[in-house]
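Novice: Have a look at this fold, sequence not included:
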């Protein structure tokens, strides 16, 4: 499979390999990499998906995007190592299910992409004895912990994580600042968009070429594409209901929902996608006005979605050839306030006993809005992180006590270690000093 930059508008585009796209993270022209083609899966496979294991499904889904750059046997090992936990759909009410993506090591949906990318990068670095790659990543919450866990101890890889000071939960911060070894956390005086801009700038800084930088944000194809798996797993579990399927995805940087729409392009039967956001409503506003106007992000209780300029939306537009009408038929986007989110958490718990985290509650709200006029559908909202990661909000809102899972107990009492930076020059100095 070949990849090209979405900033490359030439008729004769410049293409690169899967390995190059993974190692570079972002194209030299600052564009996101995108696959040259998308070939739908065999219809017979989709129709009999319940007969396949999750690992077999994932292999069929990802193989064309990797091509022959990783041997089949190795790719299957990578997939098996990546998918070492469950992805259950849990019935919350009639025709509404939560797809729980928090059963991995860091209890967030990003575990899959981080683990897959770490293993791909490890394979590509297998023969490079003295050469190191620095994974530079910005996080608004869960990405940092997932990347730290996924890359911990990976030979030849150093990880530098930028996160906005005071704008991630205590548990999220512990997950990315306590592991040590090859993981370093940089605490940034700013918001997530500032962290993300620093990362993008570093990739294109000619004075940092010797640092061998790559990204583990969802801008990286190896982090982004494996997220397609979730949607196939949910379809497998709900296929027997014989109803049209709707996904509502809590959305910040829009990589997860973009992966779902890639799954649709591969032939997954989905009626509609809903991108549910908090008050960082750049995309909902675009869907209303057809004007894309990024803005500074605002802090909310669903902090992983505090993104004012979502990187992956350009990939979604590209999937539909920048045709708004075609996109609008399959895609809606709605935004919600913290007050609405808390009320919904209370309502879900009161009627079903289900404890939703703030992000899942936003996803539920978007799903219910769509189902108002599409009642005969099966709706799935994504629970992207365990409620324990937002303990103060969940316990304060629901007046319940959330049990601390073993994954969290392992880091919660460890000492935080981070380096405080304010500017891009601070980041640059840090990278060069290493």
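Specialist: Yes, it's here. Keep in mind it's a predicted model, so treat the numbers as computed, not measured. Numbers count the residues shown, from 1 in each chain.

Novice: Read off the pLDDT value for residue 434.
Specialist: Residue-level confidence at residue 434 comes out at 75, pLDDT.

Novice: How about residue 102, nearest residue that isn't a chain neighbour?
Specialist: Spatial nearest neighbour of residue 102, excluding adjacent residues (Cβ to Cβ, 6 or more residues apart in numbering): residue 386 at 4.0 Å. (C-beta placed from N, C-alpha, C; glycine too.)

Novice: Am I right that that neighbour is in contact with residue 355?
Specialist: No - using Cβ atoms under 8 Å, residue 386 makes no contact with residue 355, being 9.4 Å away.

Novice: between those two, who's got more neighbours?
Specialist: residue 386 (26 against 20; other Cβ atoms under 10 Å).

Novice: Give me the pLDDT for the more buried one.
Specialist: In this model, residue 386 is scored at 92, pLDDT.

Novice: Which residues are in contact with it?
Specialist: Residue 386 sits next to 102, 107, 108, 357, 405, 408 when contact means Cβ atoms under 8 Å, 6 or more residues apart in numbering.

Novice: for the record, mean pLDDT for stretch 241-258?
Specialist: Averaging pLDDT along stretch 241-258 yields 96.

Novice: circling back: please report how far the residue nearest to residue 102 lies from residue 169.
Specialist: 11 Å (Cβ to Cβ, to the nearest Å).

Novice: Over to residue 266?
Specialist: Remark: distance between residue 266 and residue 169 (Cβ to Cβ) = 34 Å.

Novice: Which parts of the stretch 51-200 of the chain are strands?
Specialist: 89-93, 96-100, 133-138, 157-164, 183-188 (DSSP state E, counting those that start in this stretch).

Novice: what's the closest of these to residue 213?
Specialist: Across the strands of the stretch 51-200 of the chain, residue 213 has its closest neighbour in strand 133-138 (5.2 Å, Cβ to Cβ).

Novice: got the angle for that closest one vs strand 157-164?
Specialist: Taking axes from the mean of the first three to the mean of the last three Cα atoms, to 10 degrees, one finds strand 133-138 and strand 157-164 inclined to each other by 10 degrees.

Novice: Numbering from 20 from now on, please.
Specialist: Done: numbering now begins at 20, and the last item shifts to strand 152-157.

Novice: isn't residue 60 right up against residue 284?
Specialist: No - applying Cβ under 8 Å as the test, residue 60 and residue 284 come out as separate, 10.0 Å apart.

Novice: Mind listing the shared neighbours of the two?
Specialist: Here residue 60 and residue 284 have no joint contacts, going by Cβ under 8 Å, 6+ apart.

Novice: If you count surrounding residues, which of those two has more?
Specialist: residue 60 (18 against 13).

Novice: Which residues are in contact with the more buried one?
Specialist: 79, 80, 285, 286.

Novice: Now that we're looking at the third one, what pLDDT does it have?
Specialist: If I follow you right, that is residue 285. 98.

Novice: what does the second one give?
Specialist: The score at residue 80 is 98. That number is its pLDDT.

Novice: okay, now the residue lying closest to residue 158 once chain neighbours are set aside: neighbour count?
Specialist: With sequence-adjacent residues excluded and distances taken as Cβ to Cβ, 6+ apart, residue 158 is closest to residue 182, at 4.9 Å. Other residues within reach of residue 182, judged by other Cβ under 10 Å, total 26.
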